[in-house]
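Chemist: what's the 3D shape of this:
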Amino acid sequence: MKNILYNLFEHKYLGRDEARTILENISLGRYNDMQVASLITVFLMRSISVDELIGFREALLDMRIPVDLNGFEPIDIVGTGGDGKNTFNISTCACFVVAGAGYHVAKHGNYGATSVSGASNVIEQHGVKFTADNGALLRSMESCGITYLHAPLFNKALKAVAPVRKALAVRTFFNMLGPLVNPVIPKYQLLGVYNLPLQRLYSYTYQASDTKYAVVHSLDGYDEISLTSGFKVSTPDSERIYTPEEVGFKRNVESDLYGGETPEDAVKIFDNVLENRATDAQKNCVIINAAFAIRVMEPAKSLEECVAAARESLESGKALATFKKFVLLNS
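Modeler: Numbers count the residues shown, from 1 in each chain. Take a look at the predicted model:
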């Protein structure tokens, strides 16, 4: 590791195979926490390359506990984290809205590393027990259209670095990897990123795969469609910048999306959204992210149709019913 760090400190880049080997060694416990922290720090000081990202991804996917969902073709809705905005759990809410609209979702998530509440925090607060049992995950998908995969259960490397990530409490390249290593390897993905270089990086990475995707970025720094500014959407076929107004929504302000000081605060907002008791700003943010997720799966539909489907799922109570059934099945 010492030689690797010296090379990285001299602004050299890892080859794809070298990156793959490093992640394998992390999972095997061959580096101590200080060495792992030093490695992480390098990637806070410079951008990760496409080859490095693909090499890290390949290692994690090779080492994962695979999940077979028996022919289901789900979507994952996820943000990289690390935008420093401490929003409520927008993408997790959107997952249940999409499932409530009749689509299949395989949500891959973890505890919050740079925010108060990650997806796993809010799910666990409702009494859900995380599992890597393929049968249980498949039953959840069959019964309510959604299954949840707590990342550390499916990959030794993610479990090995969890204490270091928590101690550092800053975004790391593991934030970047999380969306790419869902053990289901879902056919569809809506990914939120916190800057434009990352948007390009993920687009290049997805183009080397079979994933149908949209990568979204709000131009004021959110790793999701926040409706606080214009936002850019990259798909296999196009790139486009939208404004909140042209997609039919009022513009939010940052305080509208604040996730609170504790996981309990975040859970309250999450519940308010699914119970259709949240503020318009909170609801609209979830609806627009869910709408773009639906459009990834149904590209022939207009955005207006996708927004209408997401809104109907939330306001009719279908999203809430889906969540309640999910909790019952997984507690």
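Chemist: just name whatever secondary elements whichever strand or helix holds Val164 is in contact with.
Modeler: If you go by DSSP states H and E, Val164 is part of helix 156-168. The elements that helix 156-168 packs onto, with contact taken as 3 or more C-beta pairs under 8 Å, 6 or more residues apart in numbering; DSSP states H and E, are helix 16-27, helix 33-45, helix 50-63, helix 173-177. Every residue, glycine included, has its C-beta placed from N, CA and C.
Chemist: next, the angle from it to helix 50-63.
Modeler: If you take axes from the mean of the first three to the mean of the last three C-alpha atoms, to 10 degrees, helix 156-168 sits at 120 degrees to helix 50-63.
Chemist: give the buried residues for helix 156-168.
Modeler: Neighbour counts using 16 or more other C-beta atoms under 10 Å place 156-158, 160-162, 164-165, 168 of helix 156-168 among the buried residues.
Chemist: what do you get for stretch 106-126?
Modeler: 106-125.
Chemist: state the mean pLDDT of it.
Modeler: Stretch 106-126 carries an average pLDDT of 87.
Chemist: go on, stretch 189-208?
Modeler: Mean predicted confidence for stretch 189-208 is 91.
Chemist: off-centre distance for that stretch?
Modeler: Centroid separation between stretch 189-208 and its chain, computed with C-alpha atoms, centre = their mean, to the nearest Å, is 12 Å.
Chemist: before we move on, what about stretch 156-175?
Modeler: Worked out by C-alpha atoms, centre = their mean, stretch 156-175 lies 15 Å from the chain centre.
Chemist: C-alpha coordinates for that stretch, CSV please?
Modeler: What follows is stretch 156-175, C-alpha atoms only, in CSV (Å, rounded to 0.1, in the frame of the first residue of the first chain):
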residue,chain,number,x,y,z
LYS,A,156,-17.3,-7.4,2.6
ALA,A,157,-15.5,-4.3,1.3
LEU,A,158,-18.3,-2.0,2.1
LYS,A,159,-18.6,-3.5,5.6
ALA,A,160,-14.8,-3.2,6.1
VAL,A,161,-14.6,0.5,5.3
ALA,A,162,-17.8,1.5,7.2
PRO,A,163,-16.0,2.6,10.4
VAL,A,164,-13.5,4.7,8.4
ARG,A,165,-16.2,6.4,6.3
LYS,A,166,-18.2,7.1,9.5
ALA,A,167,-15.1,8.6,11.2
LEU,A,168,-14.2,10.7,8.2
ALA,A,169,-17.8,11.9,7.8
VAL,A,170,-17.0,13.3,4.3
ARG,A,171,-17.9,12.1,0.8
THR,A,172,-15.6,9.4,-0.5
PHE,A,173,-15.2,7.4,-3.7
PHE,A,174,-17.4,4.8,-1.9
ASN,A,175,-20.2,7.3,-2.3
